[in-house]
Each structure stands twice: as C-alpha cells, then as structure tokens.
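Undergrad: Provided below for reference: sequence and predicted model.
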Amino acid sequence: MLLAAALLCAPSANAAAVVLSCSFDRRCEPDQGCGVTALSMIFHMDDVDGSAFIIGNNGVAEVQAISGNRATSFVERLPSGAVQVTVIDLTTTRAVHSRHTVKLGGGILPSQYYGTCTVGS
C-alpha cells in the first residue's frame, strides 16, 4: 500500500520525485523458455509534471508514466520504433517488464521479466 500511496498522492506545489527500485529474477523468451535472471532498474517520476526516467542496464532514458488506480506503467520508446513496457501492480508491488527488441537484420526478439518493485532507492 505504500507504493500505491506514493504513486497516487495528489500533486503538491513542491515537486518530489517518486523513486521505484525494481528487481526481476525470472526471464522468459519464446525460444529459450523461462529461467533465473538478475535484472534491476530504477524509475524516477516527478509527482507534479509527470515526467519519468528509467535507469537500467543501458543507461538513462525518458519514459512515459501511465498511472491508474491499480497499476502504474512505464513505456520506453526505442529508436527502432519498438517499445519496452514495465507494469507495476500497486497492491502487491509485483512487476512485469516486457522487451520487444527488433534485431538489426530483421525479426523480433520478445522477452518478459518478472519481479517486484519498492518505493525508494
């Protein structure tokens, strides 16, 4: 519920960043099945203007934050035109990170990561 309160709080005159630290320990790919992994990312979201950034294994990127009453989603647009999406359940803090990688020679390499997120660094 702390996560829901942090993400659903009303904007105030003083901007404050909501920081979400996410860890994913399971990865699934169509050709390789599912297995153990270690992927971490941190989301920073401004509670006034809604701007958001991800810090991950490829550096820092701007993302679009979409908040609702049960989940918050972050969408990253890639130069290829593909997107990567992270959805966080506000009640359970469980998260799914979906990657849609377009290979240089053509073809799509989809993968999903499963884990949890916490408020704070």
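TA: Here it is on my side, so go on. Only a predicted model underlies this, so the values are computations on that prediction, with no experimental measurement involved.
Undergrad: going forward, measure contacts between C-alpha atoms and count neighbours the same way
TA: Will do.
Undergrad: surely D49 is within a helix?
TA: No - secondary structure of D49 (DSSP: H, G, I helix; E, B strand; the rest coil): coil, not part of a helix.
Undergrad: any idea how far R99 is from D49?
TA: R99 sits 26 Å away from D49, going by CA to CA, to the nearest Å.
Undergrad: higher neighbour count, the two?
TA: Neighbours were counted for R99 and for D49 using other CA atoms under 10 Å; R99 has more, 19 against 10.
Undergrad: surely the more buried one touches Y114?
TA: No - counting by CA atoms under 8 Å, R99 stays clear of Y114, with 11.7 Å between them.
Undergrad: next helix or strand past the helix or strand of the chain with the lowest mean pLDDT?
TA: Least confident helix or strand of the chain, by mean pLDDT, DSSP states H and E, is helix 2-8 with a mean of 46. Sequence order places strand 17-29 as the next helix or strand after helix 2-8, per DSSP states H and E.
Undergrad: can you tell me the strand partners of the helix or strand that that following strand is followed by and which way each runs?
TA: Following strand 17-29 in sequence order, the next helix or strand is strand 33-46 (DSSP H and E). Looking at strand 33-46 with DSSP bridges, its partner strands are strand 17-29 (antiparallel), strand 52-56 (antiparallel).
Undergrad: next, format the ones you listed as TSV and append mean pLDDT.
TA: Converted to TSV, the strands paired with strand 33-46 look like this (pLDDT from 0 to 100):
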stretch	mean pLDDT
strand 17-29	95
strand 52-56	94
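Undergrad: show me what the spatially most central residue of the chain is bridged to.
TA: What sits nearest the mean C-alpha location of the chain, by CA atoms, centre = their mean, is T86, with 3.3 Å. Counting by DSSP bridges, T86 is bridged to F74, H97.
Undergrad: T86 contacts A95, doesn't it?
TA: Yes - assessed by CA under 8 Å, T86 is found in contact with A95 at 6.9 Å.
Undergrad: need the contact list for S80.
TA: V102 (CA atoms under 8 Å, 6 or more residues apart in numbering).
Undergrad: tell me how far it lies from Y114.
TA: 24 Å.
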